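Participant: this one's sequence-less:
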């Protein structure tokens, strides 16, 4: 559509669900890659599901977006249309292409409405029983060749596939929010997932313009597991009275190069959301002390101080900005470079490196995939294994030994991979 000519009263971007073209018209708009793979189903029309549907449709697939809540899928498609219009207004997408993308998405109210798909991605809330029911139904409704993927951020893939007759086709495709913007996708395999399906899904994510990383179904996968110390160490430092949140945030941001400090980031994410993910990892690891939630964060959530969305978290907010969050720069100068137990930066980096090399040593992901995941998924300035090489794995091991002596209990146990030479 040329913006210099008179436009009709309504364009395809303005269509309501009742006047969408039929499926054959939408399929013809797909790319060769998309037509070779077939239709895509997305189950769950929340922010993640709608975003994934948009990504798949932009890649050329005919997409059916399903939600059991009446009207939810239709509203999500309208939201995708609004998002596409914003891209057109910013000059990032042609109007004709935006029209074609939207025409490829069909809203539906039940799994029965899904056509035969090459891929179905579930993006419903993090409820294992709900996911199990959906996957059992999908296995009955879809051909045995359909890849069944979950967008879960932390639930075990084998547990989700427990009632699927062909568990070898169940895997995780963990997109990051917002899916149309974030490049990273964790491709997660369970113990029963077939290698061919993992390879297939990995290639498809590349065709969608994403950067896939592969890992086994370890608690939290790569990003949500390796990132736990970034939050946990900061909270423990503040709990012990070593420093205030604003000073810790300043140190991690200004001296460490992280895009946000741990307290401003958890306020942005939502203290309740961050606590839930951390608690899930802790429970799935048998209450390993490395992942134990802090009393500081539990109290924030119990008091309703959830962060920006509630107007108060670690910080109070007015007009979208934190109030009174001034760091103590003199204190920061004394802490950084001092003993590791009171140095927020050294302590956090040691734990991030330890977590990453331990994951690699267990064979759950490669060094390259771990570093890529943390750079893209959390915008860390370096991958943690790369950081470990820069600091020196022997230095990290010594720092952790000092922390373990200062705070016994197992949280700071060094990974054997730091000193056994396996990482080169």
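Facilitator: Ah, there it is. Quick caveat: nothing in here was measured; it's all calculated off a predicted structure.

Participant: with residue 396 as the reference, measure out to residue 251.
Facilitator: 18 Å (C-beta to C-beta, to the nearest Å). All C-beta spots, glycine's among them, are computed from the backbone N, C-alpha and C.

Participant: next: residue 171.
Facilitator: 33 Å.

Participant: same check, this time on residue 370
Facilitator: For residue 370, the distance to residue 396 - C-beta to C-beta - is 15 Å.

Participant: kindly report the same for residue 79.
Facilitator: Taking C-beta to C-beta, one finds residue 79 at 45 Å from residue 396.

Participant: and those two? Which one has more around it.
Facilitator: Shown here are residue 79 and residue 396; by other C-beta atoms under 10 Å, residue 396 has more neighbours (27 against 15).

Participant: within the helices and strands, which one has that one?
Facilitator: helix 393-406 (DSSP states H and E).

Participant: buried ones in that helix, by neighbour count?
Facilitator: Residues 393, 395, 396, 397, 398, 399, 400, 402, 403 are the ones in helix 393-406 that count as buried (16 or more other C-beta atoms under 10 Å).

Participant: can you check stretch 245-261 too?
Facilitator: Buried-residue list, stretch 245-261, by 16+ other C-beta under 10 Å: 245-253, 255-256, 258, 260-261.

Participant: closest to residue 299 among these?
Facilitator: Nearest to residue 299 out of the buried residues of stretch 245-261 is residue 245 (C-beta to C-beta; 13.6 Å).

Participant: residues in contact with the closest one?
Facilitator: Going by C-beta atoms under 8 Å, 6 or more residues apart in numbering, residue 245 touches 234, 238, 261, 263, 314, 315, 325.

Participant: residue contacts, the fourth one?
Facilitator: Pointing back at residue 263 there. 234, 238, 245, 246, 248, 249, 313, 314, 315.

Participant: try it again with 10 Å
Facilitator: 231, 234-235, 238, 244-246, 248-249, 252, 271, 296, 307, 313-315, 322, 325 (C-beta atoms under 10 Å, 6 or more residues apart in numbering).

Participant: now it, what's its secondary structure?
Facilitator: Per DSSP: H, G, I helix; E, B strand; the rest coil, the local secondary structure of residue 263 is helix.

Participant: distance of it relative to residue 271?
Facilitator: 10 Å.

Participant: shared neighbours, the two?
Facilitator: 231, 296, 307, 313, 314.

Participant: just give me the closest of those residues to residue 377.
Facilitator: Distances from residue 377 to these, taken by C-beta to C-beta, are shortest for residue 231, at 14.4 Å.

Participant: surely the closest one meets residue 264?
Facilitator: No: with contacts counted by C-beta atoms under 10 Å, residue 231 stays clear of residue 264, the gap being 11.3 Å.
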